[in-house]
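Participant: got a sequence here, can you build the structure:
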Amino acid sequence: MPDSVQTTRTSAPEQATGNRHFARFTAAQRTMHAVLFSTFLGLAATGLPLRFSESIWARGLAKFVGGFGAILFFHKFFAIALTIAFLVHVKDIFQRALVKREKGVFWGATSMVANWKDVKDIFAHMRWFIGLGQRPKFDRYAYWEKFDYWAVFWGMIVIGFSGYAMWFAPFFAHFLPGWALNAVLVIHSEEGLLAILFIFSIHFVNTHLRPDSFPMDMVIFTGVESEEEFKHKRPLEYQRMVAEGKLESRLAEKPQKWFVNFSRIVGFLAISVGLILLILTLTAYFG
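Facilitator: Coordinates of the predicted model:
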């Protein structure tokens with residue numbers, strides 16, 4: 001869900017040259033994303049060896065860290081960290097919507113909730129892919145970004161519940177039948193595998209490897225984007241901000257070079273780990 005954006009105005013010389021930058025994500029949003037991808041990588045790196053424990057690489061990793069018991073310990077640690085982050089995010093959504101009465105949390109151009117325009121954008125995009133129409137103009141969030149968001153949201157509920165049901169089986173056995181406890185093992189395993197395949201293929205491609213962002217979209221790390229990027233990727237949002245006289249409020253300082261380079265290293269490291277895990281998953285699954 002969108003958050004209120006805090007910005008810092010750029011200097012007059014930079015504005016005069018047209019090299020302006022605009023805030024897209026707050027520090028809190030970027031921190032949440034960092035926690036999300038870090039814990040997800042940790043869960044994938046520890047969950048896959050448990051799922052494919054007979055694979056050579058899984059046995060090698062278990063031997064390196066002290067056995068599958070150690071891997072399970074780290075898996076639970078990352079699960080707790082991700083659960084806390086998820087609950088903080090949900091609490092923030094409802095606090096902004098119900099307490100602060102912010103508009104656009106659950107509906108509208110700035111919401112992560114899908115609407116009719118997203119449906120039309122999907123078909124318009126498909127026509128553009130095959131040369132039968134113009135490229136659709138996107139607002140603050142494109143349809144694939146909303147899809148990514150809700151895929152993670154759904155995964156947190158299904159994978160999270162099934163994981164805790166296995167972890168605390170004696171407790172859940174008081175109100176779940178035996179077949180349900182057996183089912184959660186399958187659900188957790190297959191949904192986790194699906195999440196890994198989705199994030200390390202579809203999400204990576206949609207976010208970083210498509211032509212508009214290749215080789216990496218840095219905005220989730222730096223929090224800002226150039227005016228040229230803003231106009232090109234989200235023309236409807238840019239036009240709306242201009243029409244409402246709010247564009248200047250989004251002005252932000254250009255990120256420092258050292259921070260961009262550091263973010264690029266972190267991003268490439270995360271993508272590299274993800275692609276390695278994807279290859280190991282495919283070789284173990286089909287092998």
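Participant: surely Tyr143 is in contact with Asn115?
Facilitator: No: assessed by CB atoms under 8 Å, Tyr143 is found out of contact with Asn115, at 9.5 Å. To be clear about C-beta, it is placed using only N, CA and C from the backbone, and glycine gets the same treatment.
Participant: Three-state assignment for Met216, please.
Facilitator: Here Met216 takes the coil state, with states given by DSSP: H, G, I helix; E, B strand; the rest coil.
Participant: OK, contacts around it?
Facilitator: His208, Arg264, Gly267, Phe268, Ile271 (CB atoms under 8 Å, 6 or more residues apart in numbering).
Participant: whichever strand or helix holds Asn261 packs against which elements?
Facilitator: Element membership for Asn261 (DSSP states H and E) is helix 257-286. Where contact means 3 or more CB pairs under 8 Å, 6 or more residues apart in numbering; DSSP states H and E, helix 257-286 is packed against helix 27-51, helix 56-65, helix 178-197, helix 204, helix 219-222.
Participant: mind doing that once more with 6 Å?
Facilitator: The contact analysis (3 or more CB pairs under 6 Å, 6 or more residues apart in numbering; DSSP states H and E) places helix 257-286 against helix 27-51.
Participant: got the contact list for the helix it packs on?
Facilitator: 3, 58, 61, 71, 74-75, 78, 81-82, 85, 189, 192, 196, 220, 223, 270, 273, 277, 281 (CB atoms under 6 Å, 6 or more residues apart in numbering).
Participant: the same query, at a cut-off of 7 Å, please.
Facilitator: Contact with helix 27-51 is made by 3, 58, 61-62, 68, 71-72, 74-75, 78-79, 81-82, 85, 89, 189, 192-193, 196, 199, 220-221, 223, 270, 273-274, 277, 280-281, as judged by CB atoms under 7 Å, 6 or more residues apart in numbering.
Participant: could you say what helices and strands the host helix or strand of Ile80 packs with?
Facilitator: Ile80 belongs to helix 68-94 when assigned by DSSP H and E. Packing partners of helix 68-94 (3 or more CB pairs under 7 Å, 6 or more residues apart in numbering; DSSP states H and E): helix 27-51, helix 56-65, helix 143-167.
Participant: can you show me the CA trace of whichever helix or strand comes after the last one as PDB?
Facilitator: It refers to helix 143-167. Next helix or strand after helix 143-167 toward the C-terminus (DSSP H and E): helix 169-172. Once non-C-alpha atoms are left out, helix 169-172 reads as follows in PDB (Å, rounded to 0.1, in the frame of the first residue of the first chain):
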ATOM      1  CA  ALA A 169       1.600 -29.100  15.600                       C
ATOM      2  CA  PRO A 170       0.500 -30.200  19.200                       C
ATOM      3  CA  PHE A 171      -1.300 -26.800  19.600                       C
ATOM      4  CA  PHE A 172      -3.000 -26.900  16.200                       C
END
